[in-house]
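Trainee: next comes the sequence, and after it the predicted model I'd like to discuss.
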Amino acid sequence: MDNLKGLFSLYGLYGKMDLRWAIQDPGTFAMVVASETIGNIASILGVMLLALRFGGVGGLTTDEILFMLGFFQMADGLTFMLFGSLNVMHISRRVGRGQLDHMLIQPRPLWMQLMAEGFMPVSGSYGLLTGIILTCIACARLQLTVSIPWLFLLLIYILCHAALSVGQMYLYGAAAFYRPVACEEISSVICDLNTQLGKFPLAGLPPWMTMILTTLLPVGLAAYIPSLILLHKFQKGPILALPLAVAAAFLIAASYAFRKGLHYYAKVSCNRYKDMGFRN
């Protein structure tokens, strides 16, 4: 209970800091949010324009593609809002730059700091809001029946997206404990890979490639498979639990790899840190 109180107090602290920045510098805040919103919309236009030109992509209609893209923006936006600040998602940067020492001397547990420091409920909410709008438009055009169980399933798959994203970045980011220079940006590479490939349907690919893209490199679980389930393309079978199972597997693997990396870090630390915060 004390840990939960501490976590929510940190959420409140970082939320207030984010809100104060928006209030104190509204011009910069508006410019950042507008530019990021435009960038988010532009990132999905390629797939959307293909769907408009050919009446759909990968066996999905134009409106179904819009739903898939809206789901991706909503899930990715929530992930960014929760973990996007201060390189919490891009954890290999903190590890590779020797900045983890800043966190290890704090009175709060490391896990609590990592859960809370990336929280941006005001300046980081543009992706989530854009996704909600796109998803609502798609649901209206598709005349989907939105029920309480359907909304619950939607929430589960959104959380699976967040768990997959964070799990992958921490699993591969743990390599920075051992090779801080070479692996400093590995979490960023994984993030970009998921963002770029997660918006595309997988229909038409060979079965072996589909298996890889839904397990080892689960970009197909970022939006495609959850969207098919939410659009009632799959109504039963083990595929309904696939996003949850793969997300859990990556979180477990990431926890093991990160803890092992921390033990190594405790012995050798990182020689890149300087007193002014720069790295050599």
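Mentor: That came through, no problem.
Trainee: now tell me which helix or strand of the chain has the poorest mean pLDDT.
Mentor: helix 100-104 (a mean of 87; mean pLDDT, DSSP states H and E).
Trainee: what residues sit buried inside that one?
Mentor: Buried residues in helix 100-104, counted by 16 or more other Cβ atoms under 10 Å: Leu100. Just so you know, the C-beta spots here come from the backbone N, C-alpha and C atoms, and that holds for glycine as well.
Trainee: which elements pack onto that helix?
Mentor: helix 110-116 (3 or more Cβ pairs under 8 Å, 6 or more residues apart in numbering; DSSP states H and E).
Trainee: leaving out sequence neighbours, find the closest residue to Asp66.
Mentor: Small correction: residue 66 is Leu, not Asp. Counting by Cβ to Cβ, 6 or more residues apart in numbering, Leu66 lies nearest to Ala138, which is 4.3 Å off, once chain neighbours are set aside.
Trainee: ok, the one you found touching Phe67?
Mentor: Yes: look at Ala138 against Phe67 with Cβ atoms under 8 Å: they come within range, at 3.6 Å.
Trainee: who touches the least confident helix or strand of the chain?
Mentor: Arg94, Leu110, Gln113, Leu114, Tyr265, Ser269, Cys270, Tyr273 (Cβ atoms under 8 Å, 6 or more residues apart in numbering).
Trainee: again, only using 7 Å
Mentor: Arg94, Leu110, Gln113, Tyr265, Tyr273 (Cβ atoms under 7 Å, 6 or more residues apart in numbering).
Trainee: of those, which is the nearest to Gln196?
Mentor: Arg94 (23.4 Å; Cβ to Cβ).
Trainee: which element is the closest one on?
Mentor: Using DSSP states H and E, Arg94 maps to helix 91-96.
Trainee: picking up where we left off before, now the least confident helix or strand of the chain: how far from the chain's centre is it?
Mentor: Centroid displacement of helix 100-104 relative to its chain, using Cα atoms, centre = their mean, to the nearest Å, is 23 Å.
Trainee: do stretch 113-132 as well
Mentor: 10 Å.
Trainee: start to end distance for that stretch?
Mentor: Chord length of stretch 113-132, first to last residue, is 28 Å (Cα to Cα, to the nearest Å).
Trainee: show me what contacts the residue nearest to Leu66?
Mentor: Ala138 touches Asp63, Leu66, Phe67, Gly70, counting by Cβ under 7 Å, 6+ apart.
Trainee: export those residues to CSV and tack on neighbour count, pLDDT and secondary structure?
Mentor: Below are those laid out as CSV (neighbours: other Cβ atoms under 10 Å; pLDDT from 0 to 100; DSSP: H, G, I helix; E, B strand; the rest coil):
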residue, neighbour count, pLDDT, secondary structure
Asp63, 19, 96, helix
Leu66, 23, 96, helix
Phe67, 25, 97, helix
Gly70, 23, 97, helix
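Trainee: max-length helix in this structure?
Mentor: helix 26-54 (DSSP state H).
Trainee: isn't Lys199 up against Met48?
Mentor: No: judged on Cβ atoms under 7 Å, Lys199 makes no contact with Met48 at a distance of 9.3 Å.
Trainee: picking that back up, among the contacts of helix 100-104, who's most crowded?
Mentor: Counting neighbours by other Cβ atoms under 10 Å, Arg94 leads the contacts of helix 100-104 with 23 neighbours.
Trainee: what ranges do the helices span in this structure?
Mentor: Under DSSP H, the chain gives helices at 2-24, 26-54, 62-83, 91-96, 100-104, 110-116, 126-142, 148-173, 186-197, 207-212, 224-230, 242-268.
Trainee: and the third one, how far from the chain's centre?
Mentor: For helix 62-83, the distance from its own C-alpha centre to the chain's C-alpha centre is 10 Å (Cα atoms, centre = their mean).
Trainee: so what secondary structure elements neighbour that helix?
Mentor: With contacts defined as 3 or more Cβ pairs under 7 Å, 6 or more residues apart in numbering; DSSP states H and E, helix 62-83 has these neighbours: helix 26-54, helix 126-142, helix 148-173, helix 224-230.
Trainee: redo those helices as TSV? Include distance to Tyr14.
Mentor: Formatted as TSV, these follow (distance: least, Cβ to Cβ, whole Å):
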stretch	distance to Tyr14
helix 26-54	16
helix 126-142	16
helix 148-173	17
helix 224-230	28
